[in-house]
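S.K.: Sequence below, structure please.
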Amino acid sequence: MTLKRGKPDYSLLAVVLLLSAFGLIILYSTSAYNGQVRFQDPAYYLKKQIFATSLGIGAMYFVSRLDYHRLARLAVPAYLVSLALSGAVLLVGSSYNGSKRWLSLGPLSFQPAEYAKLAVILLLSYLVSTRKKSQGLGIIFIVMGAVLPIVALVGTNNLSTAVIILGIAVILIFVSNPKYLFFIWITLGGAGFMTIFLSMEQYRLERLAVWRDPENFEKGFQTIQGLYAIGSGGIFGKGFGQSMQKLGFVPEAQNDMIFSVICEEFGLAGAVLLIGAFVFLLWRFMVIATRAADLFGSLLVSGIMGHIAVQVILNIAVVTNTIPNTGITLPFISYGGTSVLFLLSEMGLALSVSQWQKENFSIY
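M.R.: Below is the predicted model:
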């Protein structure tokens with residue numbers, strides 16, 4: 001099969017820039033009150049996010065210009081670095097709101113768990129693509145054996161990210177293997193493991209209780225206020241900047257619960273449009289993965305697609321109280337410099353893959 005290097009997928013680039021721009025706009029609306037109260041600057045969070053987004057766009061451009069085939073040799077070193085950084089968090093990490101997830105260097109802070117997602121996608125894509133003859137249990141052992149160490153390290157203080165990494169691993173196993181029957185056993189085994197895992201700590205059982213009946217628990221306050229925001233938005237919302245729940249009622253509204261403010265200000269119509277943008281983004285990933293030049297490229301984009309899909313679904317499910325609160329941010333929208341930096345780097349990787357496609361196929 002003849003290969004050619006063409007233009008990047010401009011449809012993917014457009015929706016990524018659109019989501020990033022919308023994220024900055026809604027972040028200002030959501031965080032202005034908290035910024036004024038805590039730092040006497042309504043644009044405090046916006047300024048930091050603009051800085052991180054600018055770095056991310058630069059990283060996206062740089063990565064998109066690379067030949068992604070060359071990244072295969074960096075897969076193992078990048079993963080080892082993620083293990084080292086995640087281990088460093090346990091030893092010298094900084095805490096925020098009771099969560100020890102950051103490494104700090106002067107005024108700058110860095111969340112290694114966000115880097116770990118990209119490192120895992122790169123490693124698993126490399127491992128699976130270089131073991132084409134392994135199928136069934138062979139693939140499972142290879143992928144899970146590689147991913148469990150980082151899951152154990154990250155899951156110690158960041159269960160939500162550990163779940164996302166496991167989700168990426170399962171999706172890559174599914175994509176790379178033509179036999180789907182044993183996924184039933186994976187699902188049953190995963191359900192059993194999660195049951196045991198949740199029962200090992202009292203606070204996890206408490207989260208389940210809060211999820212089932214948030215009105216009777218003090219920790220259900222955030223969930224209830226988020227649901228008030230969603231309900232009060234109606235069909236078309238109260239209008240940009242008119243949310244009441246962001247004025248101290250929804251704690252840290254600019255983070256995990258930002259989707260509730262979107263619903264309040266833009267209503268059901270705005271929420272549907274935002275979800276539609278994410279669906280379009282996932283569709284472009286699927287097109288690029290299908291027409292990629294090789295298995296490595298296809299798996300890279302499939303892993304990125306799995307990451308975005310899992311994170312969007314879990315965030316919206318948490319905000320609507322469909323699942324227990326797990327502290328997962330909404331990609332490109334929620335506040336978080338490390339998150340947006342590595343998300344945009346992943347987009348650059350997908351754009352790089354989109355430039356290499358099979359002859360006689362068009363991305364468009």
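
S.K.: who does the strand or helix carrying residue 340 touch, helix- and strand-wise?
M.R.: Here residue 340, judged by DSSP states H and E, is contained in helix 337-354. Using 3 or more CB pairs under 8 Å, 6 or more residues apart in numbering; DSSP states H and E, the elements in contact with helix 337-354 are helix 10-39, helix 44-64, strand 108-110, helix 112-129, helix 258-290, helix 295-319. Glycine gets a C-beta too; all of them are placed from N, C-alpha and C.

S.K.: Grab the most central residue of the chain for me.
M.R.: Nearest to the mean C-alpha position of the chain, by CA atoms, centre = their mean, lies residue 311 at 4.4 Å.

S.K.: my guess is that one meets residue 332, correct?
M.R.: No. Assessed by CB atoms under 8 Å, residue 311 is found out of contact with residue 332, at 10.1 Å.

S.K.: picking up where we left off before, figure out which of the helices and strands packed on helix 337-354 is closest to residue 96.
M.R.: Each of the helices and strands packed on helix 337-354 has some distance to residue 96 by CB to CB; the shortest is strand 108-110, at 8.3 Å.

S.K.: partners of that closest one in the sheet?
M.R.: In the sheet, strand 108-110 lines up against strand 99-105 (antiparallel) (DSSP bridges).

S.K.: Export the partner strand to PDB, keeping only CA atoms.
M.R.: In PDB, the C-alpha atoms belonging to strand 99-105 read as follows (Å, rounded to 0.1, in the frame of the first residue of the first chain):
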ATOM      1  CA  SER A  99      -5.700  16.100  47.300                       C
ATOM      2  CA  LYS A 100      -1.900  15.400  46.900                       C
ATOM      3  CA  ARG A 101      -1.500  15.500  43.100                       C
ATOM      4  CA  TRP A 102       0.900  18.200  42.200                       C
ATOM      5  CA  LEU A 103       4.600  18.800  41.900                       C
ATOM      6  CA  SER A 104       5.600  22.400  42.600                       C
ATOM      7  CA  LEU A 105       8.700  24.300  41.500                       C
END
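
S.K.: Contacts for it next, please.
M.R.: Defining contact as CB atoms under 8 Å, 6 or more residues apart in numbering, one finds that strand 99-105 is touched by 85, 88-90, 92-96, 109-113, 157-158, 327.

S.K.: List the buried residues of it.
M.R.: For strand 99-105, a neighbour-count test (16 or more other CB atoms under 10 Å) marks 101, 102, 103 as buried.

S.K.: and it with helix 337-354, angle?
M.R.: Angle of strand 99-105 versus helix 337-354, following axes from the mean of the first three to the mean of the last three CA atoms, to 10 degrees, is 80 degrees.

S.K.: can you pull the contacts of residue 347?
M.R.: Residue 347 makes contacts with 12, 13, 16, 60, 64, 304, as judged by CB under 8 Å, 6+ apart.

S.K.: distance of it from residue 335?
M.R.: Distance from residue 347 to residue 335, counting by CB to CB, to the nearest Å: 19 Å.

S.K.: So what's the predicted local confidence for residue 196?
M.R.: pLDDT for residue 196: 62.

S.K.: Now stretch 86-98: average pLDDT?
M.R.: Stretch 86-98 carries an average pLDDT of 79.

S.K.: Identify the residues contacting it?
M.R.: 100-104, 109, 112-113, 116, 150, 153-154, 156-157, 252.

S.K.: picking up where we left off before, pLDDT averaged over the helix holding residue 340, what's the number?
M.R.: Rounded mean pLDDT across helix 337-354 is 95.

S.K.: and the angle for it with helix 112-129?
M.R.: Using the same axes, to 10 degrees: helix 337-354 against helix 112-129 is 20 degrees.

S.K.: Would you check which pair of the contacts of stretch 86-98 lies furthest apart?
M.R.: Farthest-apart pair in the contacts of stretch 86-98 is 150 and 252; separation 26.4 Å (CB to CB).

S.K.: The two: who's more crowded?
M.R.: When residue 150 and residue 252 are compared for neighbours, residue 150 comes out ahead with 25 against 15, by other CB atoms under 10 Å.

S.K.: Could you find the closest non-adjacent residue to that one?
M.R.: residue 116 (5.5 Å; CB to CB, 6 or more residues apart in numbering).

S.K.: doesn't residue 82 make contact with the one you found?
M.R.: Yes. Applying CB under 8 Å as the test, residue 116 and residue 82 come out as touching, 4.3 Å apart.

S.K.: Could you tell me which residues touch both of these two?
M.R.: Contacts common to residue 116 and residue 82, judged by CB under 8 Å, 6+ apart, are residue 150.

S.K.: Perfect, that will be all.
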